[in-house]
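J.: show me the folded form of this:
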Amino acid sequence: MPGELQIPQWEWWIVLYFFAGGIAGGAYLVSSVIELVGEEADRPIARMGYIIAFAMLPICVLALILDLGQPLRFWHMVLYSKTFLPWPVWDSPMSVGAYALLVFGLFSTLSFLDVLVETGRLRWAPFRLKYSSTPRMIYAMLGGIAAFFLASYTGVLLATTHLPAWANTPLLGALFLASGASTGVAAVVLGLALAGTDVGASLGKLKRLDTVAMVLELVLLVALLVWLGSAASTLLSGVNGILLIGGVLLIGLLVPLVMQLRPGLQGMKETTRMTAVTAVLILIGGFILRTVIVMGGQGFW
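T.: You can find the predicted model right below:
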C-alpha cells in the first residue's frame, strides 16, 4: 500500500539509538515536569536530567549515522538534496527519527546551557541573568513535548510494520514511553549517586516516580504479550524468551521493584550503593527490552 512502511532491517546501532533516546527523553521529561511544578529543592534533579539528556545526544546521532551504512549521506535525512531545504519523509523511520532528534537536540542543548549558567560554569552567556525565568519555562514546555515524542515514537513506528511481533498494536508506543521514563529516571538517580549530590527528600519522590514507571512498564509488557497472541511466541521462545523473562522481567523490573520497595516496607534506610545498583539494573533491563523487541522481532535469533 502507498505510504505504508516496509519491513526494516535494523541492527545494533538502532537498538543503541532507541536505548539512548529513551533515556534522553525520559530524563528530560522528569526535568521539565520539575521545572513546571516542582519545588526549589528539586532543582538538582532537574539539572541532572538536563545533563543526562544532553549527554545522550552524541550517542543517538552517532548510532543513526552509523546505521545508514553511508555515514556521509546523513544530511539527506533532514535536507532535500536539490534545494537544501528541510524535507521530512514521514513514512521513513530514519527521517522521522532524525527530525525528532534535531528538535529535541535544540531544546536539550539550550537547557544544558541554562544549567551551565545557573551553576556559574558559563559566565559569558548573553542575558544570563534572565535565564532563570521565562526562557527556562519555554525550554521545559517545548523540550518536554519533543522528549515525549522521542521516547515513544519508535514503538509507534514499529507497530506500523508488517512483522507479527510488532504489527498493529497500540501498546508498543506506550511501552517504549514507560520504559524511557523508568530508564531516564534511573539514569538521573545514578548520576546523582555518582556525583554525590544530596537532594534530601526529593530523592524519595524521584524513586516513587520510577516505581510507578516500572509498574506501568510491567503491566504494558504483559498486556502486549497478551495482545499479540500467537505472534508473541517470537518474543517468548529461545534466546528471546530467556532475555525477555530473565533480563527484562526479572533483572530489569521485578528485582529493582523489590529493592526499591523493601527498605520502605521494613523501615530500612536505603544506601547509596543499593540505589546505584537498582538504577543500573533498570538500565540493563531497558537495553535488553529494546534488544528483544528490535532484534528478536526481526528474527535475528
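J.: so where's this structure uncertain?
T.: By pLDDT under 70, the low-scoring segments of the chain are 1-9, 69-94, 124-133, 159-165, 167-168, 263-270, 297, 299-301.
J.: now do the helices in it.
T.: Per DSSP state H, the chain carries helices over the ranges 12-37, 43-67, 93-118, 134-159, 171-195, 202-228, 233-236, 238-241, 255-266, 272-294.
J.: Throw those into JSON lines and include distance to residue 248 and mean neighbour count, thanks.
T.: Just so you know, the C-beta spots here come from the backbone N, C-alpha and C atoms, and that holds for glycine as well. Shown next, in JSON lines, are these (distance: least, CB to CB, whole Å; neighbours: other CB atoms under 10 Å):
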{"stretch": "helix 12-37", "distance to residue 248": "13", "mean neighbour count": "25"}
{"stretch": "helix 43-67", "distance to residue 248": "21", "mean neighbour count": "22"}
{"stretch": "helix 93-118", "distance to residue 248": "23", "mean neighbour count": "20"}
{"stretch": "helix 134-159", "distance to residue 248": "14", "mean neighbour count": "21"}
{"stretch": "helix 171-195", "distance to residue 248": "9", "mean neighbour count": "25"}
{"stretch": "helix 202-228", "distance to residue 248": "7", "mean neighbour count": "18"}
{"stretch": "helix 233-236", "distance to residue 248": "10", "mean neighbour count": "19"}
{"stretch": "helix 238-241", "distance to residue 248": "10", "mean neighbour count": "16"}
{"stretch": "helix 255-266", "distance to residue 248": "11", "mean neighbour count": "15"}
{"stretch": "helix 272-294", "distance to residue 248": "5", "mean neighbour count": "21"}
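J.: which stretch among those helices comes nearest residue 247?
T.: Closest of the helices of the chain to residue 247 is helix 272-294, at 3.7 Å (criterion: CB to CB).
J.: just the angle between the closest one and helix 134-159, please?
T.: Counting by axes from the mean of the first three to the mean of the last three CA atoms, to 10 degrees, helix 272-294 lies at 40 degrees to helix 134-159.
J.: other SSEs contacting helix 272-294?
T.: helix 12-37, helix 171-195, helix 202-228, helix 255-266 (3 or more CB pairs under 8 Å, 6 or more residues apart in numbering; DSSP states H and E).
J.: for residue 100, find the nearest of these.
T.: Using CB to CB, the nearest of these to residue 100 is helix 12-37, at 8.1 Å.
J.: ok, back up a step: just so I know, which of the helices and strands packed on helix 272-294 lies nearest residue 296?
T.: helix 12-37 (10.5 Å).
J.: packing partners of the closest one?
T.: Short answer (3+ CB pairs under 8 Å, 6+ apart): helix 12-37 packs on helix 43-67, helix 93-118, helix 134-159, helix 171-195, helix 202-228, helix 272-294.
J.: reformat those as TSV; add distance to residue 252.
T.: Converted to TSV, the helices and strands packed on helix 12-37 look like this (distance: least, CB to CB, whole Å):
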stretch	distance to residue 252
helix 43-67	18
helix 93-118	24
helix 134-159	17
helix 171-195	9
helix 202-228	8
helix 272-294	1
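J.: nothing else from me, thank you.
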